[in-house]
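Chemist: Please work out how this folds:
(2 chains)
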2 protein chains.
Amino acid sequence: MNVGKAASRTLRALSKAPARTHVSLSVRAASQCAAPGSSSSSHDRPHFPCVDAHAVRESRIISSRSVSSTPAASSSSGPEPPYARPNPTSYNVYHHTRPLPLVYTDPLPSFDIAYETWGTLSPSKDNVILLHTGLSASSHAASTELNPAEGWWEKFIGPGKALDTNQFFIICTNVLGGCYGSTGPSSLDPSTGEPYATRFPILSIFDMVRAQFCLLDHLGIDRLYASVGSSMGAMQSLAAGWLHPERVGKVVSISGTARSSPSAIAMRFAQRAVLMADPNWKNGFYYDGLPPHAGMKLARQIATITYRSGPEWDMRFGRKFRPLPESEPQRSDKPRTPALCPDFLIETYLDHQGEEFCLKYDANSLIYISKAMDLFDLTAPALSELRLDPPAPRSGPPPLPPSLSAHPSSPAHAQYHHLLSHSKSHPPPANPPLHLPDLAAGLRPLSNTPTLILGVQSDILFPVEQQREVADALRITGNQMVSYYELGGVWGHDTFLLDVQNVGGAIRGFLS
Amino acid sequence: MNVGKAASRTLRALSKAPARTHVSLSVRAASQCAAPGSSSSSHDRPHFPCVDAHAVRESRIISSRSVSSTPAASSSSGPEPPYARPNPTSYNVYHHTRPLPLVYTDPLPSFDIAYETWGTLSPSKDNVILLHTGLSASSHAASTELNPAEGWWEKFIGPGKALDTNQFFIICTNVLGGCYGSTGPSSLDPSTGEPYATRFPILSIFDMVRAQFCLLDHLGIDRLYASVGSSMGAMQSLAAGWLHPERVGKVVSISGTARSSPSAIAMRFAQRAVLMADPNWKNGFYYDGLPPHAGMKLARQIATITYRSGPEWDMRFGRKFRPLPESEPQRSDKPRTPALCPDFLIETYLDHQGEEFCLKYDANSLIYISKAMDLFDLTAPALSELRLDPPAPRSGPPPLPPSLSAHPSSPAHAQYHHLLSHSKSHPPPANPPLHLPDLAAGLRPLSNTPTLILGVQSDILFPVEQQREVADALRITGNQMVSYYELGGVWGHDTFLLDVQNVGGAIRGFLS
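Modeler: Below is the predicted model:
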């Protein structure tokens, strides 16, 4: 195996570089950059630490692997991808031994679903909330006894929080196709004993949700109090309510969509393209070699641009530069010399986000799951293409909160009805999209399901127009129980991770 | 030299692939993609023509070079990068033999500027319009006798057009740092006889404009009737008016900015990062080997996302898929199998845009010029950092159109004053950006220069907020001659290339 040849070549080159460059590289490889043309001898070839960083990382992976292959060091937290050493003691795994039908291909013969839970399941099992994750999250939404590390929605889950563990039993799964304990492209294909890689079947959001319902069946949970999700989780949340109107009491969709738009597809396509162009990707068959870490870093940089917003960056970074280390002396007769490697704070921020992520997640999982997001479309013609038979909408009134079933005149109940009337006050769209009637026709199974749609005005990936169209389409189906909120603020798509006050408050009000 | 090793390895692998795949690859390499998991034998490794396309392109470059090295075939139009064979018979070249002072570094000892002209220079040389280009354009804005090919602004230049050749003498240059005849990183460094590569000095927009004024000096043109530009050309246009208030009669800035925002920097950073990560980039020293064509393709895909708009793609592509070729039979019992390579029309569009561009432009030029755009900032503190002494604003009334100097009561003159009063009716900003006072202080040299600011509401790269802030800052300087337009429409940033009716009309009105 010739992995690391490029890395060692670059390291050899670096060892010939002047001492100053070498020293600074070893300290902060990704944050500095030689300034072309500013060298005292203009005939030296400039160095680019942000480019060398890829080879430096590669050599770190290789040396970490050779260390961790000795038994004593096997628990070292080196840069080995976490999906290469799953830790099933920190979460539960449900192993499904029967085939899972898939929308696009032949069934998956068997699969695992990793999951974690919070709160207590009521004796009648009527207090279950299924929480769906975004693209790259694990089942670890909040700390547990098994895993005390902070989860990705830590501030939203717990006693008295948005998902109140005094009242609800919350289940979060790693998504089918993921790499944190659930079956995905990095899992071993039982028929070959090797990782599936790109032999893994193309997934749809519906497949992911069906796998979750296999877990619910296994747990004896017939009916969810609510299905809750943000971003891709919102797609799953809507899909859950669509597939099983009788089994899903309420649907919460935060910063999601019912139909991926071409511009969101474009942004995810750009990420897949840089990833698949990484020579380490090897058509997806990289599990016995080096992962496509450089492509993953580049893909995450692009993704990060779509997760936040310009106004936030204006406030947070503006046009400020990184602080200059002493190893980069500047001329007194000239302005600061700009560098081609990250130099503005916004650049070092993106570089850092990419660097942090590039070894944490499986590249093939990113490719498959982002593709499933692109394919998501709840308009009637698209559903008909998928040969999905729309189930009948649920009959009867919406469920009351479990703690209030016997007290319909309590204050919380009044608040709930207030939310419903609030939702009715949302004005009709001024410029309805052409596909709105098709979307309304597709959403008919959800016409009697209380649904919370929440969007953020600074979100460029799932813009508010798409939130409005989901709410409008649901209302066209006759759904009288649509709650709709638009948040301001500058956090863009990531608002669902950050705005505990407003996102959490809306969820709490809707669920209570 | 071991260039092409990867290409030949992939080609060897392809020759072992089943005949169907091989044939389809050779016909339309970039548009098809094997569907993972859909293979009749699930143990075959899937193929990815969109990934193989990089190697196929590489082998095409290699074979084209070996052909064109024989004298008889040297004029073949193979995929050899055009900057590798400049054609100075199709444009004029001004060779400047004295050093050009640069903002950030030591002077450039000498340089070339390629330029083309349209119309006739008046005897008093008072009818000159300097047209500035966007990032990657050549001086070929419109067809000429020397080069009858259509130019990038063909419909805006000519008799009776927005830039009326019956009235004006129009000059367009390839920008300093470019690769279409002007000196840039691909040019030979006279001190080494090798291409500058990344030894080329970091450029500022001001350097580019100063090089243009060296050309004007050479042509004996003391004063421009107007400086006109779109996108990066708008930055240059503002910089020209700022550097030389007495030499620039009017300024036209279309879809530009006076201060690059962090989100625009982020999008250009992502492009530079994918380019610099291409193993062919070799720290910029690729001129004796293969160009980083895969990185260029990926960078162009990202750029294209910023040039258009979601609403346009909704209308143009929606969620439609590419037509399926016969070589990709589908199952009758399942929906169409999605592919991981470009499959939605929006994906094939981006793929195509990247493929078309990746050998047309020099990667180092893209890196240097996009960096110059990032660095552009006309706020007073930033200008002070650059040690640029602000010149005094021009004194006296604005110039009249050359054909109207003697007829101040003509209808065209009245229309001109109508435009000025229109500009005054623009309402004050509701939420002025924090840097607005600094920008106004920076723009003081333009306080007596008639200026047209035009923006497009669907532009995500240079959003209308940035157009408004330039107009507002100019008004704060006391400039009573700011014309301001916002266009609707769905073409985003590219509107300046497409909307002849509205962009052209505003320019014509302002210039007349």
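
Chemist: What's the mean pLDDT across the longest strand anywhere in chain A?
Modeler: Scanning chain A for the strand with the most residues, using DSSP state E, yields strand A:111-118. The average pLDDT for strand A:111-118 rounds to 97.

Chemist: Direction included, what does that strand pair up with?
Modeler: The pairing partners recorded for strand A:111-118 under DSSP bridges are strand A:92-96 (antiparallel), strand A:169-173 (antiparallel).

Chemist: C-terminal to that strand, what's the next element?
Modeler: Using DSSP states H and E, the helix or strand that follows strand A:111-118 towards the C-terminus is strand A:128-132.

Chemist: what does the helix or strand just after that next one rub up against?
Modeler: Remark: after strand A:128-132, the chain's next helix or strand is strand A:157-158, criterion DSSP H and E. With contacts defined as Cβ atoms under 8 Å, 6 or more residues apart in numbering or on different chains, strand A:157-158 is touched by A:118, A:131, A:141, A:142, A:151, A:163, A:164, A:165, A:170. C-beta coordinates here come from the backbone N, C-alpha and C atoms, glycine included.

Chemist: wait, doesn't residue A:49 sit right on residue A:341?
Modeler: Yes: Residue A:49 is within contact range of residue A:341, at 5.9 Å (criterion: Cβ atoms under 8 Å).

Chemist: These two: which has the busier surroundings?
Modeler: residue A:341 (26 against 21; other Cβ atoms under 10 Å in any protein chain shown).

Chemist: Is that one part of a helix or strand, or is it coil?
Modeler: The three-state label given to residue A:341 by DSSP: H, G, I helix; E, B strand; the rest coil is coil.

Chemist: how much space is there between it and residue B:164?
Modeler: 45 Å (Cβ to Cβ, to the nearest Å).

Chemist: Ok, residue A:47 next?
Modeler: 51 Å.

Chemist: Neighbour count for those two, which is higher?
Modeler: Neighbour count, other Cβ under 10 Å: between residue A:47 and residue B:164, residue A:47 has more, with 24 against 21.

Chemist: quick one: buried residues of the longest helix belonging to chain A?
Modeler: Of all segments of type helix in chain A, defined using DSSP state H, the longest is helix A:49-68. For helix A:49-68, a neighbour-count test (16 or more other Cβ atoms under 10 Å in any protein chain shown) marks A:49-62, A:64-65, A:68 as buried.

Chemist: Next: stretch A:163-170.
Modeler: A:163, A:164, A:165, A:167, A:168, A:169, A:170.

Chemist: Strands - which of these land there?
Modeler: If you go by DSSP E, those have A:163, A:164, A:169, A:170 in strands.

Chemist: re earlier: quick one: check the longest helix of chain A for contact with chain B.
Modeler: Yes: using Cβ under 8 Å from any Cβ of the partner chain, helix A:49-68 comes into contact with chain B via A:50, A:51, A:54.

Chemist: got TSV for these, with distance to residue B:194 and pLDDT too?
Modeler: What follows is the residues of helix A:49-68 next to chain B, written out as TSV (distance: Cβ to Cβ, whole Å; pLDDT from 0 to 100):
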residue	distance to residue B:194	pLDDT
A:50	24	95
A:51	20	95
A:54	26	94
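
Chemist: picking that back up, go through the buried residues of stretch A:163-170 and name the one nearest residue B:455.
Modeler: Residue B:455 has its nearest neighbour among the buried residues of stretch A:163-170 in residue A:163, at 43.6 Å by Cβ to Cβ.

Chemist: which residue sits closest to that closest one in space, ignoring its chain neighbours?
Modeler: Counting by Cβ to Cβ, 6 or more residues apart in numbering or on different chains, residue A:157 is the residue found nearest to residue A:163 once chain neighbours are left out, at 4.7 Å.

Chemist: Check the burial of that neighbour by counting its neighbours.
Modeler: 25.

Chemist: That one and residue A:219: what is the separation?
Modeler: Per Cβ to Cβ, residue A:157 is found 18 Å from residue A:219.

Chemist: Same question for residue A:53.
Modeler: 45 Å.

Chemist: ditto for residue A:167
Modeler: For residue A:167, the distance to residue A:219 (Cβ to Cβ) stands at 18 Å.

Chemist: just residue A:346 next, same as before
Modeler: From residue A:346 across to residue A:219, the span is 45 Å (Cβ to Cβ).

Chemist: Next: residue A:311.
Modeler: 43 Å.

Chemist: Between the two, point out the one with more neighbours.
Modeler: A direct count of neighbours by other Cβ under 10 Å for residue A:311 and residue A:219 places residue A:311 higher, at 20 against 17.

Chemist: Low-confidence ranges, the stretch 51-200 of chain A, go.
Modeler: Confidence mapping of the stretch 51-200 of chain A against pLDDT under 70 gives the ranges A:67-86.

Chemist: Alongside chain B, which residues does it contribute?
Modeler: Taking Cβ under 8 Å from any Cβ, the part of the stretch 51-200 of chain A that reaches chain B is made up of A:51, A:54, A:103, A:104, A:105, A:106, A:191, A:192, A:197, A:198, A:199, A:200.

Chemist: Please report how far the nearest residue to the fifth one once chain neighbours are set aside lies from residue B:211.
Modeler: What it means is residue A:105. Computed as Cβ to Cβ, 6+ apart, the closest residue to residue A:105 that is not its neighbour in sequence is residue A:201, at 4.2 Å. Distance of residue A:201 to residue B:211, given as Cβ to Cβ: 57 Å.

Chemist: so which strand or helix has residue A:505?
Modeler: Going by DSSP H and E, residue A:505 is in helix A:505-511.

Chemist: buried ones in that helix?
Modeler: Across helix A:505-511, burial judged by 16+ other Cβ under 10 Å covers A:506, A:507, A:508, A:509, A:510, A:511.

Chemist: before we move on, the earlier item: helix or strand for the residue nearest to residue A:105, which one?
Modeler: Using DSSP H and E, residue A:201 is not contained in any helix or strand.

Chemist: circling back: and which of the buried residues of helix A:505-511 is nearest to chain B?
Modeler: Using Cβ to the nearest Cβ, residue A:506 is the member of the buried residues of helix A:505-511 that lies nearest chain B, at 25.0 Å.

Chemist: if I look at the closest one, how far off is residue B:243?
Modeler: Residue A:506 is 53 Å from residue B:243, by Cβ to Cβ.

Chemist: show me where pLDDT drops low in chain A?
Modeler: Residue ranges of chain A with pLDDT under 70: A:1-43, A:67-86, A:397-430.

Chemist: Please report the distance of residue A:461 from residue B:185.
Modeler: For residue A:461 relative to residue B:185 (Cβ to Cβ), the value is 35 Å.

Chemist: Same drill for these two, tell me which one is more crowded.
Modeler: When residue A:461 is set against residue B:185 and neighbours are counted by other Cβ under 10 Å, the residue ahead is residue B:185, at 28 against 23.

Chemist: and that one, what does it touch?
Modeler: So residue B:185 contacts B:177, B:179, B:195-198, B:200, B:284, B:362, B:364-365, B:367-368 (Cβ under 8 Å, 6+ apart).

Chemist: if we can go back for a sec, tell me which of the residues of the stretch 51-200 of chain A next to chain B is nearest to residue A:391?
Modeler: Distances from residue A:391 to those, taken as Cβ to Cβ, are shortest for residue A:103 (15.4 Å).
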